[in-house]
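# sequence plus predicted model, see below.
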2 protein chains.
Amino acid sequence: MQNELLLMMPGPVPMPERVRNAMSRQAINHRGKEFGGVYADCVRVLKALFGTENDLFVLSGSGTAGMEAAIANVGLDQTIVSLVNGKFGERLAEISGRYGTSVAIESEWGHPYDLEVLAEALENGAGIVTMVHNETSAGILNPAAEVGRLARKHDALFVMDGITSIGGEHVACDEWGADIAIVGSQKCLAAPAGLSAVSVSERAWERLSEKRPYYLDLKAYRKAGSKDPMETPYTPAVPLFFAFREACLIAEEEGIENRIARHRKLADAVRAAAKEWGLPLLPVSDNLHSPSNTVTAIQYPDGVSDGDLRGSLKKMGIEIAGGQDRLKGKIFRIGTMGATGPSEVLATVAAVQGTLKRLGYSFDGDGVSAATEVLV
Amino acid sequence: MQNELLLMMPGPVPMPERVRNAMSRQAINHRGKEFGGVYADCVRVLKALFGTENDLFVLSGSGTAGMEAAIANVGLDQTIVSLVNGKFGERLAEISGRYGTSVAIESEWGHPYDLEVLAEALENGAGIVTMVHNETSAGILNPAAEVGRLARKHDALFVMDGITSIGGEHVACDEWGADIAIVGSQKCLAAPAGLSAVSVSERAWERLSEKRPYYLDLKAYRKAGSKDPMETPYTPAVPLFFAFREACLIAEEEGIENRIARHRKLADAVRAAAKEWGLPLLPVSDNLHSPSNTVTAIQYPDGVSDGDLRGSLKKMGIEIAGGQDRLKGKIFRIGTMGATGPSEVLATVAAVQGTLKRLGYSFDGDGVSAATEVLV
């Protein structure tokens, strides 16, 4: 739309009208029945999307605040092993270093985790394992069930960053043994940026650090959350809660399985197009790792610059993501997250295909046809 | 309005339509020119309202997050003296205890600070002093200039919570030597809840703790804020920034002096009414402490219960605040913050006056006339 870029990035993503309009309401007192009901609606739907019966709280802070809450509440002076195959895995390792001893087990970005090294670290007594379920920086879906199994076997806590998977990908925190899991509001749930939600298992409560931060103190969230009506310990970002509730209700109405299937289908379409273009995905798959269904990371062909491709798309009203940090200029990333559907994906595939050709990259296939085949 | 309570509390407060409508926009990428411009507008206006040329950042977290950022970035293992004459003074002391050695200098709630004890603590080497400029729990305006002078004299950092004063009360951070000052979005600025802004002096930067939290790491805010276009280090709560910008522009258009005068006039009207009702204010004034101009704390007469007064007002569509913690049932509080004007104050004064009479409390004066006299 004129002056309104179509965001096809791995978050933020376009919000449904119903979500946006929920924010323009007048202020309400956040200690009262109405706010409590809004919060309770979010929690009910999020528990289903997390696949958990654990406690769950919504924090007025973005996904990074949720990551820090996860680590800061249990990690003080602990040895924390972080599996790293992208930027957000690095961030968890960095946050861990602010509270305990951070041990990063690094793979190349987009390459499988080294679970043997993890097993070793756990043998050596690490108390916490962190991983990013869906690593958007590299477009890879990492093996949460397997990491959870290893953590449980060695009696370590398992912190799972589900910021860009929960709400769009199959997640089963309780089955996988994810003691603390995190989601961000502006990703698969298509709500505005600024909130995160965190689930906390009984095992995590038992291992709460004695000294915890204040704003992100999960014990304070538990106390306020158990009131009737539910509250947050400190002033919440009320308009974002109104919007988040709508986004959660939309997910509930769509149905979890339908929502996951939709995300997968949209990503399938992008992958089918990339194949026609002869462009390999960045992530390296094995029997435990697979390409993300919420963002597709595609390698640039020689001779096509990131600025040219993404700049051209922007002129046509579409914003896709480039690579971050060490992947800058090497990949482009197309988000298929939240509320987007076939028309947005097709517009994006068409724009990329046309631009690749215009920029002198030639290929035989037809990504638009391949994507249409998947989406129709 | 039907189904829309008029919030006459010390925040959240009613938002102007222009502020509310700013939130319903579609998502944008927060790393780009448009967001940078929004952020820059906020910073420009806020610096004027803070009375500072120091660095200033907007955090995606409520006032409590701002308080914690202030303390956590400079307070690790320091002795932190907190002046306490209300709930938020207590909160600063509590946060201080999470990072350093917290020494609370307590007065009765609503009573003047004991600055002799402060001077003594500073002689004994305390490195940081915290105070709440406008203590809403007790309706008292505390002496920032004087505390700043003492802190500077003893080379201590001065952390000033201006959450409910900045934007509605005269504040001069640089003149007073407030090294770190904080404001909340949903108070005198009449924006939605969920953001806070923090200013940081050169002296504070020089004394930054080596180990800092992550989401609230001010050094990361400085780095991102110095980019062109301006950024935040982690995903900001974008719709709240859109709204906050409008709120800041409204304050700029009104003019700082006009805005402060308006707040004072509204509070004068409430105080004039309370006098007619024969009800004393809670705060005890002296040559350094005075009643707040953004919230008026009034003592209940015998025989009038908090539930009855505030319940009746709610039925008439007006929400005022009660006392918190130890002041529960002893006071009621009328906010005069943000965008409210004479009509809202008169409605509130009329509702309180009528209800006090209906509940059997008799007095000779006429608060409505007295308030009208001030407001006309």
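Happy to help now that I have it. Everything numeric in this text was worked out from a predicted model, so none of it was measured.

# outline the domain layout of chain A.
Residue ranges for each domain of chain A read A:6-12+A:255-375, A:17-253, as given by automatic domain parsing.

# any idea which of these is most buried?
domain A:17-253 (a mean of 22; mean count of other CB atoms under 10 Å in any protein chain shown). The way it works is simple: take the backbone N, C-alpha and C, and place the C-beta from them, glycine included.

# now it: mean pLDDT?
For domain A:17-253, the mean pLDDT works out to 98.

# of the domains of chain A, which is nearest chain B?
domain A:17-253 (2.6 Å; CB to the nearest CB).

# just how off-centre is that closest one within its chain?
Relative to the mean C-alpha coordinate of its chain, domain A:17-253 is positioned 10 Å out (CA atoms, centre = their mean, to the nearest Å).

# swap in stretch A:357-366?
For stretch A:357-366, the separation from the chain centroid amounts to 32 Å (computed by CA atoms, centre = their mean).

# end to end on it, go ahead and measure it.
For stretch A:357-366, the first and last residues are 11 Å from each other (CA to CA, to the nearest Å).

# to residue B:6, which of the domains of chain A lies closest?
In this view, those are compared for proximity to residue B:6 by CB to CB, and domain A:17-253 is the closest at 9.3 Å.

# can you give me the helices in chain A?
Assignment of helices within chain A using DSSP state H yields the ranges A:17-21, A:33-50, A:63-72, A:87-99, A:115-123, A:144-153, A:173-176, A:202-206, A:218-225, A:238-254, A:256-277, A:306-315, A:342-358, A:367-375.

# so can I have TSV of those helices showing distance to residue B:37?
Conversion of the helices of chain A to TSV gives the following (distance: least, CB to CB, whole Å):
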stretch	distance to residue B:37
helix A:17-21	20
helix A:33-50	31
helix A:63-72	23
helix A:87-99	26
helix A:115-123	45
helix A:144-153	40
helix A:173-176	40
helix A:202-206	41
helix A:218-225	34
helix A:238-254	21
helix A:256-277	32
helix A:306-315	17
helix A:342-358	26
helix A:367-375	36
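
# how about CSV for the ones you listed, with distance to chain B added?
Conversion of the helices of chain A to CSV gives the following (distance: least, CB to the nearest CB, whole Å):
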stretch, distance to chain B
helix A:17-21, 5
helix A:33-50, 10
helix A:63-72, 4
helix A:87-99, 5
helix A:115-123, 22
helix A:144-153, 22
helix A:173-176, 22
helix A:202-206, 19
helix A:218-225, 10
helix A:238-254, 5
helix A:256-277, 18
helix A:306-315, 10
helix A:342-358, 13
helix A:367-375, 23
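
# you'd agree residue A:324 is up against residue A:137?
Yes: under the criterion of CB atoms under 8 Å, residue A:324 lies in contact with residue A:137, with a separation of 5.0 Å.

# overlap of the contact sets of the two?
residue A:87 (CB atoms under 8 Å, 6 or more residues apart in numbering or on different chains).

# next one: residue A:153 from residue A:146, what distance?
Separation of residue A:153 from residue A:146 (CB to CB, to the nearest Å) stands at 11 Å.

# swap in residue A:235?
Taking CB to CB as the measure, residue A:235 and residue A:146 are separated by 40 Å.

# what does residue A:222 give?
30 Å.

# same deal with residue A:321?
From residue A:321 over to residue A:146 the distance is 28 Å, taken as CB to CB.

# quote the end-to-end distance of stretch A:182-194.
Using CA to CA, one end of stretch A:182-194 lies 13 Å from the other.

# so what's the residue nearest to residue A:18 when sequence neighbours are not counted up against?
The spatially closest residue to residue A:18, leaving aside those adjacent along the chain, is residue A:246, at 5.1 Å (CB to CB, 6 or more residues apart in numbering or on different chains). If a contact means CB under 8 Å, 6+ apart, then residue A:246 has A:16, A:18-19, A:22, A:191 as its contacts.

# with distance to residue A:86 added, can I get these in JSON lines?
Putting those into JSON lines (distance: CB to CB, whole Å) gives the following:
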{"residue": "A:16", "distance to residue A:86": "29"}
{"residue": "A:18", "distance to residue A:86": "33"}
{"residue": "A:19", "distance to residue A:86": "28"}
{"residue": "A:22", "distance to residue A:86": "33"}
{"residue": "A:191", "distance to residue A:86": "23"}
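
# farthest-separated two in the residues you listed?
A:18 and A:191 (10.8 Å).

# and the spatially most central residue of chain A, how far is that from residue B:341?
In chain A, the centroid-proximal residue (CA atoms, centre = their mean) is residue A:164; its distance is 1.2 Å. Per CB to CB, residue A:164 is found 45 Å from residue B:341.

# only alpha carbons, please: show stretch A:2-18 as PDB.
Extracted in PDB, the C-alpha atoms of stretch A:2-18 (Å, rounded to 0.1, in the frame of the first residue of the first chain):
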ATOM      1  CA  GLN A   2       1.200   3.500  -0.700                       C
ATOM      2  CA  ASN A   3       3.400   4.700   2.100                       C
ATOM      3  CA  GLU A   4       2.900   1.400   4.000                       C
ATOM      4  CA  LEU A   5       5.600  -1.200   3.500                       C
ATOM      5  CA  LEU A   6       4.600  -4.800   3.500                       C
ATOM      6  CA  LEU A   7       6.900  -6.200   6.200                       C
ATOM      7  CA  MET A   8       8.000  -9.700   5.100                       C
ATOM      8  CA  MET A   9      10.700  -9.900   7.700                       C
ATOM      9  CA  PRO A  10      11.100 -12.200  10.600                       C
ATOM     10  CA  GLY A  11       9.300  -9.700  12.800                       C
ATOM     11  CA  PRO A  12       7.900  -7.200  13.200                       C
ATOM     12  CA  VAL A  13       5.100  -8.400  10.900                       C
ATOM     13  CA  PRO A  14       1.900  -6.800   9.600                       C
ATOM     14  CA  MET A  15      -0.900  -6.700  12.300                       C
ATOM     15  CA  PRO A  16      -4.500  -7.500  11.500                       C
ATOM     16  CA  GLU A  17      -6.800  -4.500  11.700                       C
ATOM     17  CA  ARG A  18      -8.600  -6.000  14.700                       C
END
